[in-house]
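K.L.:
just a sequence and a predicted model for now, questions to come.
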Amino acid sequence: MPNIFAGVRNSELFTLAQKFNPEFAKHSAKITADRLNLGWEANKQFANNPQPISEWFSVVMTMILNKVDVARVKNPLEDYGVAESYDTPFGNAIERLAVTGIKPVNPRFRGLQNGSSVDMYTVRKPELEQRFFVQNFDFQNFITLQEYQIKLILQNEFGMEQITSGIMAQLENSLKKQRYLNELEALSHGINSTDFPLQDTQKANLSSWTDGAVTEGELLEFVQIAKNLAFALTLAPSSSAYNAGEFDTAVDAGEYVMLVRPEVLTDIQTKLRVGAYNPEDIAIPFDVKPVLNFGGLVPYAEASFTNRLYPVYDSNGTQIGWNTTQNATTVTVENGEEFYKDTNADVLAVIIQKGAIFTTMQNGVQMVPTPYNAAGLYTNYWLSIAGAGVHFDYFYNMIVITKPQA
């Protein structure tokens, strides 16, 4: 068999090879192709008017439930180990204690004199630092289900269970999303706290940063700062320089996570590592995890951030839109039309100790159905959290890497 590729230039190789590759229109029979082309995507016509007709009997055909897709929610902060959760069934406030370091004293076994006595019962109390966190998080969501209405749309014997479990999963997803947003705001408050402000040693400012056109030199400075901080945070026997509580402690490298804006991470990976002789030399020595933001997003009506927006709620307390006036009951800006000002826009990365953000649960998560409503033929399912809290612990180490500061 002759070599069909003999003398073919590289640029022509794939064009010629395509003639011998299987291809949809060339391989499929007409009716097969016509039928497949009716429905590669969801059928919009049936969704609006679900009336498929049997070509033999001219009656509406039975629909069989195939699958119930349930939207998912992720919580990156908990997945990264930055945020933790604790069950606290007793008490309305959470107390955390820290045992501070104990400095050594003069050895009393030296310079002993005849007739003298060493007092080994001198009282020296240990020092404890205490901090309190009050409950600040209640949550509730509910949904109404009429089982007979679900039965009317199903022909699959397992459909009732699939749809009901999917609806319950969405209730739980609403809580998961709420926890993530709560924890982002806790992080933002930790960064910008006025009660427990960051020490100067917790702030690492770059000398230069060009938004939208960051240079290799600026990225190299970012990596250099991260590597220097890794040594500073992990090599000292202990330090009080890296938390707002000035708690003198040592933290292992594995207990830190570096939260970084994805565009910074992408620039480092594409502008610095490409062509690098020793790419490991510019690797960041932390468990690096991307986050879209560091909380502190404030809604405005315009891209120029002129008029601040405030949420508008319905009778159930569900946010339905925005208004430029607080406590308004009418929507002037629809959801999705707002613009967000990032109050942490100068923050490029945060090196944070795992567990610095934590959630407490006094009563746990409860999913409780109401008694069956005989008149309305429905049951309400309530998902509730009562007496919980979400906090940032200022005794945990954190360093913020920012753009140049004036």
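P.N.:
Noted; the coordinates are in hand. Residues are numbered from 1 along each chain as shown.
K.L.:
please name the strands paired to the helix or strand residue 131 falls within in the sheet, noting orientation.
P.N.:
When elements are defined using DSSP states H and E, residue 131 is found to belong to strand 128-134. Note on strand 128-134: by DSSP bridges, its sheet partners are strand 93-99 (antiparallel).
K.L.:
residues making contact with the strand it pairs with?
P.N.:
With Cβ atoms under 8 Å, 6 or more residues apart in numbering as the test, strand 93-99 has contacts from 88, 126-135, 245, 247, 360, 389, 391, 393, 395. For glycine as for every other residue, the C-beta is placed from the backbone atoms N, C-alpha and C.
K.L.:
following the lengthiest helix in the chain, which helix or strand shows up next?
P.N.:
Ranked by residue count under DSSP state H, the longest helix found in the chain is helix 159-192. For helix 159-192, the following helix or strand on the C-terminal side (DSSP H and E) is strand 203-205.
K.L.:
who are the packing partners of that following strand?
P.N.:
strand 398-402 (3 or more Cβ pairs under 8 Å, 6 or more residues apart in numbering; DSSP states H and E).
K.L.:
thinking again about what came up before, ok, and for the longest helix of the chain, which residues are buried?
P.N.:
159, 162-164, 167-170, 173-175, 178-180, 182-192 (16 or more other Cβ atoms under 10 Å).
K.L.:
endpoints of stretch 88-102, how far apart?
P.N.:
30 Å (Cα to Cα, to the nearest Å).
K.L.:
in that stretch, what counts as buried?
P.N.:
Of all the residues in stretch 88-102, those buried under the rule 16+ other Cβ under 10 Å are 88, 94.
K.L.:
can you offset everything so residue one is 655?
P.N.:
All right, first residue 655 from here; so that's stretch 742-756.
K.L.:
tell me the mean pLDDT for that stretch?
P.N.:
Taken as a whole, stretch 742-756 has a mean pLDDT of 80.
K.L.:
ditto for stretch 762-776
P.N.:
Stretch 762-776 carries an average pLDDT of 87.
K.L.:
and the helices in the protein?
P.N.:
Taking DSSP H as the test, the helices found in the chain are 667-672, 678-681, 684-690, 698-702, 730-733, 801-806, 813-846, 870-889, 916-921.
K.L.:
pLDDT of stretch 919-937, averaged?
P.N.:
71.
K.L.:
flag the shaky bits of the stretch 905-1054 of the chain, pLDDT-wise.
P.N.:
927-936 (pLDDT under 70).
K.L.:
relative to strand 1052-1056, how tilted is the longest helix of the chain?
P.N.:
Per axes from the mean of the first three to the mean of the last three Cα atoms, to 10 degrees, the angle that helix 813-846 makes with strand 1052-1056 is 80 degrees.
K.L.:
distance from the chain centre to stretch 853-861, please.
P.N.:
Mean C-alpha position of stretch 853-861 versus that of the full chain (Cα atoms, centre = their mean, to the nearest Å) differs by 25 Å.
K.L.:
roughly how far does residue 845 sit from residue 911?
P.N.:
Here residue 845 is placed at a distance of 15 Å from residue 911 (Cβ to Cβ, to the nearest Å).
K.L.:
surely residue 976 and residue 953 touch.
P.N.:
Yes - counting by Cβ atoms under 8 Å, residue 976 touches residue 953, with 6.3 Å between them.
K.L.:
looking at those two, which one has more neighbours?
P.N.:
Set side by side, residue 976 and residue 953 show more neighbours around residue 976, with 22 against 18, by other Cβ atoms under 10 Å.
K.L.:
who is that one paired with across the strands?
P.N.:
Using DSSP bridges, the bridge partners assigned to residue 976 are residue 965, residue 987.
K.L.:
contact partners for it?
P.N.:
Each residue near residue 976 by Cβ under 8 Å, 6+ apart is listed here: 953, 955, 963-966, 985-989, 991-992.
K.L.:
quick check: of these, which lies closest to residue 1055?
P.N.:
residue 953 (26.4 Å; Cβ to Cβ).
K.L.:
isn't that closest one right up against residue 992?
P.N.:
Yes - Residue 953 is within contact range of residue 992, at 4.3 Å (criterion: Cβ under 8 Å).
K.L.:
are there residues contacting both of these two? Which ones?
P.N.:
963, 976.
K.L.:
tell me the centre residue of this protein?
P.N.:
Centroid-nearest residue in the chain, with Cα atoms, centre = their mean: residue 730, separated by 3.5 Å.
K.L.:
distance of that residue relative to residue 948?
P.N.:
Using Cβ to Cβ, residue 730 is found at 12 Å from residue 948.
K.L.:
kindly report the same for residue 1006.
P.N.:
Taking Cβ to Cβ, one finds residue 1006 at 10 Å from residue 948.
K.L.:
look at those two and report which has more neighbours.
P.N.:
Applying other Cβ under 10 Å to residue 1006 and residue 948 shows that residue 1006 carries more neighbours, namely 27 against 24.
K.L.:
span of stretch 905-923 from start to end?
P.N.:
By Cα to Cα, the extent of stretch 905-923 from end to end equals 28 Å.
K.L.:
if we look at it, which residues are touching it?
P.N.:
Outside stretch 905-923, the residues that touch it by Cβ under 8 Å, 6+ apart are 734-736, 841, 868, 873, 876-877, 880, 884, 887-888, 936, 938-948, 1002-1008, 1051.
K.L.:
what's the ChimeraX syntax to select whichever of these are buried?
P.N.:
Buried subset of the contacts of stretch 905-923, written as a ChimeraX selection, criterion 16+ other Cβ under 10 Å:
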select :734,735,736,841,868,873,876,877,880,884,887,888,936,938,939,940,941,942,943,944,945,947,948,1002,1003,1004,1005,1006,1007,1008,1051
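K.L.:
just the ones in strands from the contacts of stretch 905-923, please.
P.N.:
Counting by DSSP state E, these place 941-944, 1002-1007 in strands.
K.L.:
and these, which is closest to residue 1024?
P.N.:
Lowest distance from residue 1024 to these (Cβ to Cβ) belongs to residue 943, with 40.9 Å.
K.L.:
quick one: residues contacting that closest one.
P.N.:
Counted by Cβ under 8 Å, 6+ apart, residue 943 has contacts 730, 734, 911-914.
K.L.:
that one and residue 730, how far apart?
P.N.:
For residue 943, the distance to residue 730 equals 7 Å [Cβ to Cβ].
K.L.:
residue 748 too?
P.N.:
24 Å.
K.L.:
check residue 1049 too.
P.N.:
Separation of residue 1049 from residue 730 (Cβ to Cβ) stands at 23 Å.
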